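Colleague: Got a predicted structure here, sequence first:
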Amino acid sequence: MYDIAIIGAGVIGSAVARELSRYALKIVILERGNDVAVGTTKANSAIVHAGYDAPATSLKGKMNVKGNAMYDEVCQALDVPFKRVGSLVVAQHDEELETLESLLENGKLLGVPGLEILSGDAVAAREPNLNQSIKAALYAPTAGIVEPWELAIAYCENAMDNGVSLKLNFEVKGIDRKAGCFEIHSKDETVTASTVINAAGVYADAVYNMVADSHFTIKPRRGQYYLLDKEANGLVNHVIFPCPSKLGKGILVAPTIDGNVLIGPDSQDLTPFDKEATNTTGDRLQYIRETAAAICEVVPYKLNITTFAGLRAEPSTGDFIIEESMEVKNFINVAGIKSPGLSSAPAIAERVASIYLDINPNTAENPAFNPIRRPRVKFADMTIEAKQEMIEKDPRYGRIICRCEMISEGEIIDAIHRNAGGRTLNGIKRRVRPGAGRCQGGFCGPRVMEILTRELSLKMTDIKQEGLDSYILTGKTKRGDEDDAI
Amino acid sequence: MTQYDIVVIGGGPAGLAAAVEAREQGAKSILVIERDRELGGILQQCIHNGFGLRVFNEELTGPEYAERFIDELEAMAIEYLLDTMVLEITQDRQIIISNSEKGIQIINAKSIVLAMGCRERTRGALAIPGYRPAGVFNAGTAQRYINVEGYMVGKRVVILGSGDIGLIMARRMTLEGAQVLAVAEIMPFSGGLTRNIVQCLDDYNIPLMLSHTITAIKGKDRVEGVVIQKVDQKMQPIPGTEIEYKCDTILLSVGLIPENELSRKAGIAIDPVTNGPVVNSNMETTIPGIFACGNVVHVHDLVDFVTEESRHAGNAAAKYVMDESRSNHKGTVIRTKAEEGVGYIVPQQIDMDSIDGKVALFMRVRNVYHNASLSVKLGGVEIKRVKHRHLAPGEMVRVDIDKQLIKETQAEMTVSVVLEEGRV
């Protein structure tokens, strides 16, 4: 019996788990995927928004500004790269200047620090590759960039370091309310917990429906992206937004923390039945290129390394839903966490913990809690002397597996064996980046598979790209067995 | 710090030929650095035959072709390092390498030969829409899984791109019991060698769909299907021409890109068309003493051509080591320029002092031409015209120019395609 079962190991579920691991609680995270951070968390704009655009009275507005301010400390403790590059909302017509003014006013109301309207010339000086026609921009120095899945993985790992359990491939099929607890069923296992925290992303409504008549629905809103090679690094120095519209913040052009350039997302409301529709489409990709050209005409799409789509969890209420259910005691919904969900994650985690503590005021602290995640070695970024020292300690750091990103075998092995470790090709890619570069795993894929088989005592045919059904190899070749005998 | 006369980066066909030739020309200390666990490069996974007709006058498999050079290398006691990655090359010819045996080492070279080869273009480079399931492989990666690791990658296959690797893999997958449903090619002609179309597709009744491309990939976890559409002259999909194939695997053979991250970081000028270093007729890059050869310079269709080009580079590197004054950037230099119908020319510069007898120009045309000529001009005056019954982008063309035809001049040397009835 667990004190708490958290459904969903995205950035929200993971952040909540880590926050609650400060207390002497038995916690389990139930994740339907074959890894953590494989839903909305793995496909979004990777931006920590400054927080000037949500209505000042909204929960998402408050969470964003507060969450943003917490990022430095959280990322330092968890060893997650984070950079406050600042953002620019650019006005292309005179009528958009008013929008900038109202965003500025709204931001001031919310307490966003350092907001400032820059002239067209000042924008051009900061961003020479943007179109010359830009009239002005709202500059928000506190906006930042982060790798969302890296943050989620780090949260989850640190939560596990502090005693939290994780069950992967646990798709919640039903929840039974029993006296004083919930029975949570997957297709082949049942977990019992006193409290349920529903962080199931686009499925949060379905999960809530298992215990109550849902008073909210979650609609998937799809956004598609281009991701450019590091060779495009420097195209823009800040996160560049157009003026926002009813559909959201618009198509941005942004640097990523790893040095790539991201263009997107569009915004397309799908039906509630399309919660798996993470496919890109030719027409929308075309639309993104055309729309982004209004801000930046010189985006080098020939340097594209991948396109992808993510689903935002768009709630029928229009705002984050972070509360104990009024119908079902001890069931806490953390639902409708669309943008700025990533930016708000640290603040949301705190808020959820305080809701739990209000319900359970006698909760003791976890005396062994350690907020620090063991830093991961980033071989490519080290000085020659540091590299040499590292290899002397562990020669596996001298063997480079991924040449595009210069990732060593030692880093891959470490990523496999940490808590919430990677055990799929994509899982390793998200943790240490082999396959995230320009060859997209063409060269390193077979070698990463070999390391996975060795470290996890698996067969080559056992290795998955992502989910349990995403097998890579279908079997031996006709004479493949003979090689083993040699 | 270790010192070598010549350090060759890459132990594939280009690096091996350059090293062997440099030794034959008298270079003493030579080191070949290879990142894989064996020498031979991609040849080791090319188990089909067809290699060596020009160089050895016989048909060899890839590993056999590689073995001839590896044997020579061993016989000459040329040093090599395996499982070793070059992290950086500097302008003053320092090479920083890493392996698990000795960690980081810094090597000084009098001369460097770049022979890093190329990589495959990926799905991302084409922005193919759809899901991102397992089962989408670059053809060369699939070839490695099958021929080196001994594992099959799928059972029902659609191939995008009719480059040579895709064609070879269509046959290879078929021989391993997979069903290859179609090869789609966005261009109105194939990018592969004619002999490969005949021997790998026609012989197995695999349809080649010209002017077709993939417009959607289906399947969330593993590929479940693919939508192929006909494209118009601007290569835009034509609505209503969608054909869906049920398949579990997609192989991509959509082009190769020279691997020049090290060259770029070293500050070597890169030709935006070839994506390889700008070289002169000695295969010397814009940094004196750094040479380049093989697919790192421009993508070849026959390994025999790689060998010839690399011997030339190895020869020049050896001569440079013995006499640094032989570097280019000194004597008269004539630039080459691709004009109508020609995509690029290598070398980009002809160094008049270093050519003996004749200079070889390598190029690719932009389109398929029948009964056309290649016209070579110097300062606007035609100095050579070569007739071809058939020219295609998939087949590299070599044109030799006698030195005596080249008057020392500041003018450019241009090559263009001329059809019999006039210009293109």
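Modeller: It's in. Numbering: from 1, shown residues only, chains lettered A, B, ... in the order given.
Colleague: What pLDDT does the model give the single nearest residue of the stretch 201-350 of chain B relative to chain A?
Modeller: In the stretch 201-350 of chain B, no residue comes nearer to chain A than residue B:221, which is 3.7 Å away by C-beta to the nearest C-beta. (Each C-beta comes from the backbone N, C-alpha and C, glycine too.) Looking at residue B:221, its pLDDT reads 97.
Colleague: Pull the contacting residues for it.
Modeller: Residue B:221 is in contact with A:465, A:466, A:467, A:468, A:469, A:470, B:133, B:134, counting by C-beta atoms under 8 Å, 6 or more residues apart in numbering or on different chains.
Colleague: Only alpha carbons, please: show stretch A:272-281 as PDB.
Modeller: Extracted C-alpha coordinates of stretch A:272-281, given in PDB (Å, rounded to 0.1, in the frame of the first residue of the first chain):
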ATOM      1  CA  PRO A 272     -10.900  14.100 -28.000                       C
ATOM      2  CA  PHE A 273     -10.400  10.800 -29.800                       C
ATOM      3  CA  ASP A 274      -7.100  11.900 -31.300                       C
ATOM      4  CA  LYS A 275      -4.900  11.700 -28.200                       C
ATOM      5  CA  GLU A 276      -2.300   9.600 -30.000                       C
ATOM      6  CA  ALA A 277      -2.100  11.800 -33.100                       C
ATOM      7  CA  THR A 278       1.500  12.900 -32.700                       C
ATOM      8  CA  ASN A 279       2.000  12.800 -36.500                       C
ATOM      9  CA  THR A 280       3.300  15.700 -38.500                       C
ATOM     10  CA  THR A 281       1.500  16.600 -41.700                       C
END
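Colleague: Off-centre distance for that stretch?
Modeller: Chain-centre distance of stretch A:272-281: 18 Å, with C-alpha atoms, centre = their mean, to the nearest Å.
Colleague: can stretch A:308-320 be found next to chain B?
Modeller: Yes - residues of stretch A:308-320 contacting chain B under C-beta under 8 Å from any C-beta of the partner chain: residue A:308.
Colleague: could you show me where the helices are in the stretch 251-400 of chain B, in order?
Modeller: Per DSSP state H, counting those that start in this stretch, the stretch 251-400 of chain B carries helices over the ranges B:261-266, B:303-322.
Colleague: looking at the ones you listed, which is buried most?
Modeller: helix B:303-322 (a mean of 25; mean count of other C-beta atoms under 10 Å in any protein chain shown).
Colleague: for it, packing partners?
Modeller: If contacts are counted by 3 or more C-beta pairs under 8 Å, 6 or more residues apart in numbering or on different chains; DSSP states H and E, helix B:303-322 sits against strand B:2-9, helix B:13-24, helix B:62-75, strand B:103-114, strand B:290-292.
Colleague: closest to chain A out of those?
Modeller: Across the helices and strands packed on helix B:303-322, closest to chain A is strand B:103-114 (C-beta to the nearest C-beta), at 3.7 Å.
Colleague: Domains of the chain: list them as residue ranges, please.
Modeller: Defaulting to chain A. Chain A resolves into domains spanning A:85-145+A:219-312, A:379-485 when parsed by automatic domain parsing.
Colleague: that answer is for a different chain, and I need it for chain B
Modeller: Taking automatic domain parsing as the domain assignment, the ranges for chain B are B:1-120+B:256-329, B:122-254, B:331-424.
Colleague: Indicate which one of those is closest to residue A:77.
Modeller: Among those, domain B:1-120+B:256-329 comes nearest to residue A:77, with 30.6 Å by C-beta to C-beta.
Colleague: The residue of the stretch 51-200 of chain A found nearest chain B is in what secondary structure piece?
Modeller: In the stretch 51-200 of chain A, the residue that lies nearest chain B is residue A:169 (12.4 Å; C-beta to the nearest C-beta). Residue A:169 belongs to no helix or strand when assigned by DSSP states H and E.
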